[in-house]
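> Compute the structure for the input listed below.
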Amino acid sequence: MDLRAAFVRFDRIFMQAAAIAACMFLAIAVVAGFWQVLSRFIFSNPSIWSEALVRLALIWMVMIGLGVALRQGALVSIDIAESVARGTVRKVIHVAILASNLTLLCTLLWFGWTMAQRVRFQEMAGLEISIAYGYAAIPIGCLCGIIGTIAHFFDRRSSELENAT
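Okay, here's the model as predicted:
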């Protein structure tokens, strides 16, 4: 088995787990948001932790979901140019998309990691946990995005483009 096939196989399992994790973070945000509404308007005693948990869960959902979206080819593509291009020009466009995505994701990963390290001793109001848990979504989400970007480059799955041509 070559490296490309092994990576695509790993990607299938990884992206399935990432999609499930993103859905779980959405469910956490929904439940915490529902509790916030209940506690504020029904019980007249607003919860101090639920708003922070909603915000944290939504950040994690978006950053983990970024990898899934990139894997599907849903972000940073040049649809018109890609649909009319053929041969070498199309390959150059694919490489340019890969390079652009990887440059952005690696930059975000570096600064996200640096920021998580910088704020690790600060506490998130309402949850009384390190705010680094929130910032950690950036580098972890970027790692998911890097995997999704490379897997999409090796094994393109863009239903929007396939329907357009």
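> what about the helices in this structure?
3-37, 50-71, 79-84, 87-118, 132-135, 137-154, 159-164 (DSSP state H).
> Centre of the chain to the fourth one, how far?
Centroid displacement of helix 87-118 relative to its chain, using Cα atoms, centre = their mean, to the nearest Å, is 13 Å.
> what's the angle from that helix to helix 50-71?
Inter-element angle recorded for helix 87-118 and helix 50-71: 160 degrees (by axes from the mean of the first three to the mean of the last three Cα atoms, to 10 degrees).
> Helix 87-118: which residues count as buried?
94, 97-98, 101-102, 105, 108-109, 112-113, 115-116 (16 or more other Cβ atoms under 10 Å). Any C-beta I mention is one placed from the backbone N, CA and C, and that applies to glycine too.
> The residues you listed into a markdown table, with extra columns for distance to Gln36 and pLDDT?
Below are the buried residues of helix 87-118 laid out as a markdown table (distance: Cβ to Cβ, whole Å; pLDDT from 0 to 100):
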| residue | distance to Gln36 | pLDDT |
| --- | --- | --- |
| His94 | 44 | 87 |
| Ile97 | 40 | 87 |
| Leu98 | 41 | 91 |
| Asn101 | 35 | 92 |
| Leu102 | 38 | 96 |
| Leu105 | 33 | 96 |
| Leu108 | 30 | 97 |
| Leu109 | 32 | 97 |
| Gly112 | 27 | 96 |
| Trp113 | 31 | 97 |
| Met115 | 27 | 96 |
| Ala116 | 26 | 95 |
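> count of neighbours near Ile59?
Number of residues near Ile59 (other Cβ atoms under 10 Å) recorded here: 19.
> correct me, but it touches Tyr133?
No - assessed by Cβ atoms under 8 Å, Ile59 is found out of contact with Tyr133, at 9.8 Å.
> OK, contacts around the residue nearest the centre of the chain?
Among the residues of the chain, the one closest to the centroid is Leu66, at 2.4 Å (Cα atoms, centre = their mean). Going by Cβ atoms under 8 Å, 6 or more residues apart in numbering, Leu66 touches 75, 141-142, 144-145, 148.
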